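In: Here is my input; please provide its structure:
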Amino acid sequence: MGFVMDKCAMNTMTAVLTHHAEVIGDQAAYIYSPARTNCDQAITYADLHRDALQIACVLRREHGLGEKRALLLYQSGLDFIRALYGCLYAGIVCVPMYLPRLVEDERLAAVLGSADVAAILTVSSRRAFADALVATVVGSRPQVICTDEIVRWSPRRSPETLLADPSALAIIQFTSGSLGRPKGVMISNANIIANQRMIKHGFGHVGGEVVVGWLPFFHDMGLIGNIFQPMFVGGLSVMMAPTHFLQNPARWLELISSYRAVTSGAPNFAYDYCVEHVSGTHLDRLDLSCWKVAYNGAELVRESTMRRFAEKFAPLGFEYGSFLPCYGLAEATLYVTGRRLGDDPSAAELAEQGDGTAPVSVGRPAPEAVLRILGPDAMPVGAGQVGEICVGGPHVTEGYFRHEELTAASFVVAADTKERLFRTGDLGRQSGDDLFITGREKNLLVVNGKNYQGEEIEFDIARQSELFCPSGTCILQVDEGLVTNRFVVLQEVSKRIAARLSSDSKDVDHAAYAAARHVLARFGLPVTEFLFLRENKLPRTSSGKINRLSTASLLASKTVGIVHRASVR
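Out: Residues are numbered from 1 along each chain as shown. Down below sits the predicted model:
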């Protein structure tokens with residue numbers, strides 16, 4: 001059946017939960033905080049263990065789903081947590097997915113087509129949506145099972161404690177798809193445990209920490225970092241929905257303050273978002289002195305962002321030294337490197353950063369991990385030289401589900417050491433043991449044989465005017481017949497500025513012209529047009545990164561929501 005009964009071996013997340021349910025069963029394991037602040041929902045370790053086993057037994061015995069795949073279709077909340085651990089106990093491979101508004105959602109269709117699931121797990125309030133989704137599936141149609149009904153109505157049993165095989169596949173984690181269609185990364189129980197040890201070591205967790213998070217559960221940072229890590233260390237995970245963060249970023253900081261969280265984090269844009277949108281009325285009642293690990297990852301980390309955030313929230317007890325820039329990706333389960341807790345940039349590093357545009361150290365890999373910077377020939381580049389970041393170790397996954405060719409191309413053997421490595425497609429360099437991310441190969445803009453990093457240019461553009469939203473810039477290279485070096489910038493502006501653009505665009509036109517001149521002078525790239533959109537209207541991935549493929553597609557189809565055009569020829 002694929003199960004072992006050794007409760008002492010903490011080698012799977014189900015073994016961890018079983019242990020904690022016995023030792024600290026009355027302690028809260030997860031708290032979900034809805035938009036309303038007075039109705040937080042909690043579940044203890046013992047109750048989660050009981051509910052998850054109940055779900056596992058019903059899924060295996062009544063639905064025959066053991067060792068098959070199930071799509072988890074939930075909003076943020078405790079129902080997802082119960083279903084997740086229920087699947088892990090039952091040996092069912094989880095395919096976490098967001099709950100879209102439309103059945104015809106393009107990404108959902110891509111995931112369904114790739115994962116070939118036997119069941120869709122959801123809650124009874126979403127049953128009609130799931131049934132409609134099943135009707136769109138070609139071929140063998142999955143069952144729809146409402147796990148909240150299992151917990152509420154199924155008769156209680158005393159099932160055997162199920163502990164999954166460490167080597168078995170646990171999760172198919174679909175990548176966010178910022179540069180292409182999502183791919184299903186195969187993550188085993190052993191990968192998860194290895195990465196949990198790395199995160200614990202890198203973050204300096206000693207056990208019992210409170211972690212606050214708002215990243216979606218179907219994203220690797222939300223799932224592996226905010227759900228599994230607190231469980232692994234016997235702590236408490238306090239969660240809120242991503243939409244609630246975007247609507248009211250102060251709520252994130254309020255949860256950190258009220259629950260005295262030690263650890264919380266997000267992509268770089270979220271810290272900019274807090275600086276811009278958390279008003280003075282919220283600053284009087286917050287105490288952020290408890291926040292010792294403010295991880296920053298999933299996109300390029302900016303020194304200027306961290307400085308701005310630390311300066312604004314220093315009066316509330318937040319310290320710059322709490323920032324922990326890190327680097328990771330689903331193909332390595334999550335965590336690859338992190339700057340050690342309390343480390344501050346050296347004087348040489350700060351001098352190198354200058355105006356805040358240079359890469360920031362994202363730290364060192366865990367002792368059992370392998371990090372190599374390789375050239376196109378799969379051989380190491382020279383010291384300090386830029387090359388492709390390649391990762392090896394027990395946290396590196398087996399590849400992509402039913403994509404053998406892509407797996408063979410991405411998971412390679414180093415020419416010199418014969419180590420199995422994942423080619424990340426990210427560019428970086430090492431200074432000593434520290435890793436510096438410089439960009440992504442597929443984000444390169446190539447002009448007259450010279451390479452430019454799109455992220456670097458976008459960051460620079462956003463800094464040219466206070467009218468431009470931070471982390472709301474996308475530059476695209478557009479080919480039109482004989483014209484191959486045309487660049488268009490899509491730039492978000494606040495709702496207030498967007499509302500008056502139809503009657504008065506003088507300020508943004510001037511800002512666009514000045515930014516285009518700056519890009520031409522610094523990078524030699526001719527920007528011909530600025531397209532302005534309302535804030536948060538650029539397509540984004542689950543982690544908040546701008547989805548370049550979708551942005552380019554919308555631009556080509558003329559369906560991107562442009563509120564103003566500024567020609568800067």
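In: correct me, but residue 530 touches residue 519?
Out: No - using C-beta atoms under 8 Å, residue 530 is not in contact with residue 519; the gap is 10.6 Å. For glycine as for every other residue, the C-beta is placed from the backbone atoms N, C-alpha and C.
In: which of the residues in stretch 292-311 are buried?
Out: For stretch 292-311, burial by neighbour count (16 or more other C-beta atoms under 10 Å) applies to 292-306, 308-310.
In: likewise stretch 521-534?
Out: Those would be 523, 525, 527, 529-534, for stretch 521-534 by 16+ other C-beta under 10 Å.
In: can you check stretch 270-287 too?
Out: Residues of stretch 270-287 classed as buried: 270-275, 278, 282, 286 (neighbour count, 16+ other C-beta under 10 Å).
In: of all those, which two lie farthest apart?
Out: The most widely separated members of those, counting by C-beta to C-beta, are 272 and 286 (18.2 Å).
In: Which secondary structure element is home to residue 388?
Out: Secondary structure from DSSP states H and E places residue 388 in strand 387-392.
In: wait, residue 457
Out: Going by DSSP H and E, residue 457 is in helix 454-462.
In: By pLDDT, give me the weakest of the buried residues of stretch 270-287.
Out: Least confident entry in those, by pLDDT: residue 282, with 67.
In: circling back to that earlier point, next step: the buried residues of stretch 270-287 restricted to helices.
Out: 270-275, 282 (DSSP state H).
In: wait, which of the residues you listed is closest to residue 515?
Out: residue 272 (17.5 Å).
In: got a list of what the spatially closest residue to the closest one that is not a sequence neighbour touches?
Out: Nearest non-adjacent residue to residue 272, counting by C-beta to C-beta, 6 or more residues apart in numbering: residue 470, 4.0 Å away. By C-beta atoms under 8 Å, 6 or more residues apart in numbering, the contact set of residue 470 is 269, 272-273, 275-276, 305, 462.
In: Show me what the helix or strand in which residue 198 is found is packed up against.
Out: Element membership of residue 198, judged by DSSP H and E, is helix 189-203. Judged by 3 or more C-beta pairs under 8 Å, 6 or more residues apart in numbering; DSSP states H and E, helix 189-203 is in contact with helix 13-23, strand 169-174, helix 229-232, strand 323-328, strand 335-338.
In: Tell me which of those lies nearest to residue 499.
Out: strand 323-328 (35.0 Å).
In: How far off centre is that closest one?
Out: 12 Å (C-alpha atoms, centre = their mean, to the nearest Å).
In: Between helix 189-203 and it, find me the angle.
Out: Relative orientation of strand 323-328 versus helix 189-203 (axes from the mean of the first three to the mean of the last three C-alpha atoms, to 10 degrees): 160 degrees.
In: Strand 323-328 - which strands sit beside it in the sheet, and in what orientation?
Out: Here strand 323-328 is paired, per DSSP bridges, with strand 293-296 (parallel), strand 335-338 (antiparallel).
In: can you list contacts of that strand?
Out: 202-203, 220-221, 265, 293-298, 301, 306, 310, 334-339, 341, 360-363, 389, 426, 435, 437.
In: now stretch 118-138
Out: Stretch 118-138 has contacts (C-beta under 8 Å, 6+ apart) with 59, 63, 65, 68-74, 79, 83, 87, 92, 99, 103-104, 108-109, 112, 140-149.
In: Would you mark the buried spots in it?
Out: For stretch 118-138, the neighbour count (16+ other C-beta under 10 Å) marks 118-123, 126, 129-130, 133-134 as buried.
In: Columns distance to residue 171, pLDDT and secondary structure on top of these, output as TSV?
Out: Shown next, in TSV, are the buried residues of stretch 118-138 (distance: C-beta to C-beta, whole Å; pLDDT from 0 to 100; DSSP: H, G, I helix; E, B strand; the rest coil):
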residue	distance to residue 171	pLDDT	secondary structure
118	15	93	coil
119	15	95	strand
120	16	95	strand
121	13	97	strand
122	17	96	strand
123	20	96	coil
126	21	93	helix
129	23	91	helix
130	20	90	helix
133	20	89	helix
134	22	89	helix
